[in-house]
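Trainee: Mind folding the following:
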Amino acid sequence: MSESEFQRIVYYVKSKYGIELGHKRTLIEGRLENHLVRNGYTSYNEYMDEVEYHPNSQEAKNIINVLTTNHTYFMREPEHFRFLKENVFPQLRIRESKDKDIRTWCAAASTGEEPYTLGMLLMDYFKLAEGNWDTTLLATDISTKVLKFAIEGKYLAEQIAPLPNVWKKCYFKRKSEEEYQVTDELKKQVLFREFNLMNPLPFRKKFHIVFLRNVMIYFDEETKIQLLNRIYDHMEAGGYLFIGTTETIDKSRTRFRYVRPAVYQKVI
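Mentor: Okay, here's the model as predicted:
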């Protein structure tokens, strides 16, 4: 891979997806080299010609699947789920008692573990509340590959091991000795969609809860601030934003109020 080819790929991924790969040359080469050989490309430039000049081609859709890492698991960073159950849900139950509509966005759905965890938590809490609450949540990702896996909703026994036993019984069907399937009830709770966080947010209604965990590690500071400002404008007053516990926000440049590590709130 020549320097100009490397910079071409870096620029394309940054401009289209906001992801900064300027220090990931080894990763790019490692992931693209075999892909190019398998698909008959003679150079990285030939591959990028296909990606850039044919934006609706499979290659253009697939480049992000090849270059990004999607690592997640059920109940990841459990302190966030405890905070939701003990602090956020009781507030929303009172504030939204008239409309009974809780709007949640999981902005990096990956293979589905995070949105399904949120779905189970919401269903468990609000099915005990009076009346019929709408707790359907939106789960988005730029990778069509992981979204396909998430929508299918099949997981190994070791993957669902961190979940409470009652959730395993209520929300999963055993398909074999090692494989479990998400129930139709839980599937209906999560609406999966492909979405690029660099695009304008198209949502008509504002969110009460946004999970943006372990995404901004791929963005530079300016991209992060611009994204956070767009999200702030699409949240209800008093809404909560959750980021990854290893991530940080420059509090002097965002309108969010710091609540606790990795938890922020839109000022009421």
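
Trainee: Mind listing residues that contact the least confident helix or strand in the chain by mean pLDDT?
Mentor: Among the secondary structure pieces of the chain, namely its helices and strands, helix 58-67 has the lowest mean (mean pLDDT, DSSP states H and E), a mean of 81. Residues outside helix 58-67 that contact it (Cβ atoms under 8 Å, 6 or more residues apart in numbering) are 12-13, 17, 19, 21, 27-28, 31-32, 35, 39, 47, 50-52, 54, 142-146. C-beta: built from backbone N, CA, C; applies to glycine.

Trainee: who's in contact with the residue of the chain positioned farthest from its centre?
Mentor: Relative to the centre of the chain, and counting by Cα atoms, centre = their mean, the farthest-placed residue is Thr42 at 34.3 Å. Contact analysis of Thr42 by Cβ under 8 Å, 6+ apart lists nothing.

Trainee: Look up how far Asn34 lies from it.
Mentor: Noted for Thr42: a distance of 14 Å to Asn34, by Cβ to Cβ, to the nearest Å.

Trainee: how many other residues sit next to Glu8?
Mentor: For residue 8 the amino acid is Arg, not Glu. The criterion is other Cβ atoms under 10 Å. On that basis, Arg8 has 19 neighbouring residues.

Trainee: Pretty sure it sits in a helix.
Mentor: Yes: inclusion of Arg8 in a helix is indicated when DSSP: H, G, I helix; E, B strand; the rest coil is applied.

Trainee: list the contacts for the nearest residue to it once chain neighbours are set aside?
Mentor: Nearest-residue entry for Arg8: Met48, 5.5 Å, with adjacent residues in sequence omitted and distances by Cβ to Cβ, 6 or more residues apart in numbering. Met48 makes contact with 5, 8-9, 12, according to Cβ under 8 Å, 6+ apart.

Trainee: same check, this time on Gln265
Mentor: 238-241, 256-257, 259.

Trainee: now, which of those residues lie within helices?
Mentor: For these, not one is inside helices, with DSSP state H as the criterion.

Trainee: Find the residue closest to the most centrally placed residue in the chain in space, skipping its chain neighbours.
Mentor: Closest to where the C-alpha atoms of the chain average out (Cα atoms, centre = their mean) is Ala108, at 0.9 Å. With Cβ to Cβ, 6+ apart as the criterion, Ala108 has its nearest non-adjacent residue at 4.5 Å, and that residue is Val215.

Trainee: how near is the one you found to Met75?
Mentor: Counting by Cβ to Cβ, the gap from Val215 to Met75 is 18 Å.

Trainee: hey, where'd the helices end up in this structure?
Mentor: Taking DSSP H as the test, the helices found in the chain are 3-17, 25-38, 44-53, 58-67, 78-83, 89-95, 113-126, 144-152, 157-160, 165-171, 184-189, 221-233.

Trainee: Tell me which of those helices lies nearest to Met198.
Mentor: Distances from Met198 to each of the helices of the chain were compared by Cβ to Cβ, and the smallest falls on helix 3-17, at 6.0 Å.

Trainee: what helices or strands is the closest one leaning on?
Mentor: helix 25-38, helix 44-53, helix 58-67 (3 or more Cβ pairs under 8 Å, 6 or more residues apart in numbering; DSSP states H and E).

Trainee: pLDDT below threshold where in this structure?
Mentor: Counting by pLDDT under 70, the chain contains low-confidence ranges at 69-71, 129-130.

Trainee: so where's the longest strand in it?
Mentor: Taking DSSP state E as the assignment, the strand of the chain that covers the most residues is strand 235-243.
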